[in-house]
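A.B. asks: Fold the following.
(4 chains)
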There are 2 protein chains.
Amino acid sequence: MESEEARPRRRQARGERRMSEILDAAAAVFAEQGYEKTTTNAVAAAAGISPGSLYQFFRSKEAVAEALADRFTAQMRAAHGEAFAPADVAAMDLDELIDRVVDPLVAFNIANPGFKALFARPDMPPGLATAAGPIQSALLGRVEAILAVRSPGLSAPERTRSARVLVQIFQAMTPVVVAASAEEREAEVRELKKVLRGYLAPLDG
Amino acid sequence: MESEEARPRRRQARGERRMSEILDAAAAVFAEQGYEKTTTNAVAAAAGISPGSLYQFFRSKEAVAEALADRFTAQMRAAHGEAFAPADVAAMDLDELIDRVVDPLVAFNIANPGFKALFARPDMPPGLATAAGPIQSALLGRVEAILAVRSPGLSAPERTRSARVLVQIFQAMTPVVVAASAEEREAEVRELKKVLRGYLAPLDG
DNA sequence: AGAGAATACGAGCAATCGCTCGTATTGACA
DNA sequence: TGTCAATACGAGCGATTGCTCGTATTCTCT
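C.D. replies: Numbers count the residues shown, from 1 in each chain, chains lettered A, B, ... in the order given. Model prediction:
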């Protein structure tokens, strides 16, 4: 019998452009309205196309969000590059280490307001959660790797738990940083770093 | 002309009981499904009544959530009583102070799983936000009052900002504590307190 | 140029949800 | 006991939303 699975449609350059435009529009509308409240027709309108055209490129609203998550993941990797070398991590001053990890992440969140609006919500549909998972665990793994170097006294479960706490703190305070006015923002970032530092200092070898 | 405003309907004891039952059901369903996904028919079914009956007591879904918020506020006040006397706050060891503030709050959140599921969400409808506001600002005011005693060196804006950070940390980590199994919970609370302590210690007079 | 695939359109379908309404039953008070 | 308000019911209305479908246009490749 013939294969049932839909082979990926052969796209023209125009189509690729359209998909990118749709994701741009989706990011903007998601950021402003939140995932649940945004209608697919609104995304299509924001992209300047008809609802039918949107569904030429994405199977569902969820598929749009998943593709957006993939794009965010790629952008994030490109923005930070690879993790630091263990030697660097061990040598760095704690404050400098925090700066080096936090600053690019903050910058990314400011540049992409749709990011947190979508992927830090407690009510993600299953498909979205699947897409957001890798983003989260990448960050978690990176923090855990740093902890392994800086705090070798920690047991593996302790290290995991501490990493989770650190990521949680970051995610909790980021929305405030992003929402802050330009003058306020610096102060908010300082607070965020103070919290991280206060938690890390006792662990730090 | 006759007054247009609906005078509050004269309730029978049975009606009061029903309203309470509806709020119980709403808390349970909200906790499990979240506010948006919860249908009013589901709340009615969980309360063992018909959709029509629910609307005999509440004008709208939002009105149910508001009433639930009011009930939570009252329960919270009853649970913690008044704030500590300034003398006590000043005399206490930092660790003990944290215990005395955090432990009852954690207990309340564990006893009322619907609470955070509703009032810590970023997508609250306007009416819900209005209802949740007092809860938030009561907590904030209390923390600020403690800071005023323990850290007199802080300027008023600094005090406000620090209080907000502390509340934010608490709210970010509470869901994990509530979701944790009984064995894990103690460890999660310890982490929460470590974070608070790490941030507070440098401020503490 | 001609053919077939990709892109584009937008009215409208099917399902969902908050809420209403007509009606029936129960309770309070004289 | 009689009267009226309070309580209770549940089918279904009106509006919304994710998505489809028939059709028209544009692009690619030969």
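
A.B. asks: all helices in chain A, in order from the N-terminus.
C.D. replies: A:13-33, A:40-46, A:51-57, A:61-80, A:86-91, A:94-111, A:113-119, A:126-150, A:156-179, A:182-200 (DSSP state H).

A.B. asks: Kindly present those as a markdown table, with separate columns for distance to B:Val102.
C.D. replies: For glycine as for every other residue, the C-beta is placed from the backbone atoms N, C-alpha and C. Output for the helices of chain A, formatted as a markdown table (distance: least, C-beta to C-beta, whole Å):
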| stretch | distance to B:Val102 |
| --- | --- |
| helix A:13-33 | 34 |
| helix A:40-46 | 42 |
| helix A:51-57 | 48 |
| helix A:61-80 | 34 |
| helix A:86-91 | 32 |
| helix A:94-111 | 25 |
| helix A:113-119 | 26 |
| helix A:126-150 | 24 |
| helix A:156-179 | 15 |
| helix A:182-200 | 15 |
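
A.B. asks: most tightly surrounded among the ones you listed?
C.D. replies: Highest mean neighbour count among the helices of chain A (mean count of other C-beta atoms under 10 Å in any protein chain shown): helix A:113-119, with a mean of 21.

A.B. asks: Report all helices and strands that it contacts.
C.D. replies: If contacts are counted by 3 or more C-beta pairs under 8 Å, 6 or more residues apart in numbering or on different chains; DSSP states H and E, helix A:113-119 sits against helix A:13-33, helix A:61-80, helix A:94-111, helix A:126-150, helix A:156-179.

A.B. asks: Output these in a markdown table, with distance to B:Gly141 and mean pLDDT appended to each entry.
C.D. replies: Output for the helices and strands packed on helix A:113-119, formatted as a markdown table (distance: least, C-beta to C-beta, whole Å; pLDDT from 0 to 100):
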| stretch | distance to B:Gly141 | mean pLDDT |
| --- | --- | --- |
| helix A:13-33 | 31 | 96 |
| helix A:61-80 | 38 | 90 |
| helix A:94-111 | 29 | 95 |
| helix A:126-150 | 34 | 86 |
| helix A:156-179 | 19 | 96 |
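
A.B. asks: Name the nearest residue to A:Leu97, ignoring sequence neighbours.
C.D. replies: Spatially, and ignoring its direct neighbours in sequence, A:Leu97 is nearest to A:Val89 (6.7 Å; C-beta to C-beta, 6 or more residues apart in numbering or on different chains).

A.B. asks: Can you get me the start-to-end distance on stretch A:75-84?
C.D. replies: One end of stretch A:75-84 sits 18 Å from the other (C-alpha to C-alpha, to the nearest Å).

A.B. asks: Need the contact partners of it.
C.D. replies: The set of residues external to stretch A:75-84 that reach it, using C-beta atoms under 8 Å, 6 or more residues apart in numbering or on different chains, is A:92, A:100, A:104-105, A:107-108, A:112, A:135, A:138, A:142, A:145-146.

A.B. asks: let's see it at 6 Å
C.D. replies: A:104, A:108, A:142 (C-beta atoms under 6 Å, 6 or more residues apart in numbering or on different chains).

A.B. asks: Adding distance to A:Arg77 as columns, could you present those in a markdown table?
C.D. replies: Putting those into a markdown table (distance: C-beta to C-beta, whole Å) gives the following:
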| residue | distance to A:Arg77 |
| --- | --- |
| A:Pro104 | 11 |
| A:Phe108 | 11 |
| A:Arg142 | 11 |
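
A.B. asks: closest to DNA strand C among the residues you listed?
C.D. replies: A:Phe108 (29.3 Å; C-beta to the nearest atom of the strand).

A.B. asks: I'd like the distance between that closest one and DNA strand D.
C.D. replies: Separation of A:Phe108 from DNA strand D (C-beta to the nearest atom of the strand, to the nearest Å): 27 Å.

A.B. asks: cool, and A:Ile22?
C.D. replies: Taking C-beta to the nearest atom of the strand as the measure, A:Ile22 falls 12 Å from DNA strand D.

A.B. asks: coming back round to it: B:Val167 is nearest to which of the helices and strands packed on helix A:113-119?
C.D. replies: Of all the helices and strands packed on helix A:113-119, it is helix A:156-179 that lies closest to B:Val167, at 10.3 Å by C-beta to C-beta.

A.B. asks: relative to helix A:13-33, how tilted is that closest one?
C.D. replies: Angle, helix A:156-179 to helix A:13-33, by axes from the mean of the first three to the mean of the last three C-alpha atoms, to 10 degrees: 90 degrees.

A.B. asks: tell me how far helix A:156-179 is from the chain's mean position?
C.D. replies: Put simply, helix A:156-179 sits 13 Å off its chain's centre (C-alpha atoms, centre = their mean, to the nearest Å).

A.B. asks: what's that helix packed up against?
C.D. replies: Using 3 or more C-beta pairs under 6 Å, 6 or more residues apart in numbering or on different chains; DSSP states H and E as the contact test, the elements touching helix A:156-179 are helix A:94-111, helix A:126-150, helix A:182-200, helix B:156-179.

A.B. asks: Other residues contacting the third one?
C.D. replies: Counting by C-beta under 6 Å, 6+ apart, helix A:182-200 makes contact with A:98, A:169, A:173, A:176-177, A:180, B:165, B:195, B:198-199, all of which sit outside it.

A.B. asks: Can you add distance to A:Ser50 and give those back as CSV?
C.D. replies: Shown next, in CSV, are the contacts of helix A:182-200 (distance: C-beta to C-beta, whole Å):
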residue, distance to A:Ser50
A:Ile98, 48
A:Ile169, 44
A:Met173, 41
A:Val176, 38
A:Val177, 38
A:Ala180, 38
B:Val165, 46
B:Val195, 50
B:Gly198, 54
B:Tyr199, 51
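
A.B. asks: Of those, just say which sits nearest to DNA strand D.
C.D. replies: A:Val176 (27.9 Å).

A.B. asks: who's in contact with the closest one?
C.D. replies: Contact analysis of A:Val176 by C-beta under 6 Å, 6+ apart lists A:Glu188.

A.B. asks: gap between it and A:Gly141?
C.D. replies: Look at A:Val176 and A:Gly141: by C-beta to C-beta, to the nearest Å, they are 25 Å apart.

A.B. asks: same check, this time on A:Ala63
C.D. replies: Going from A:Ala63 to A:Gly141 by C-beta to C-beta gives 26 Å.
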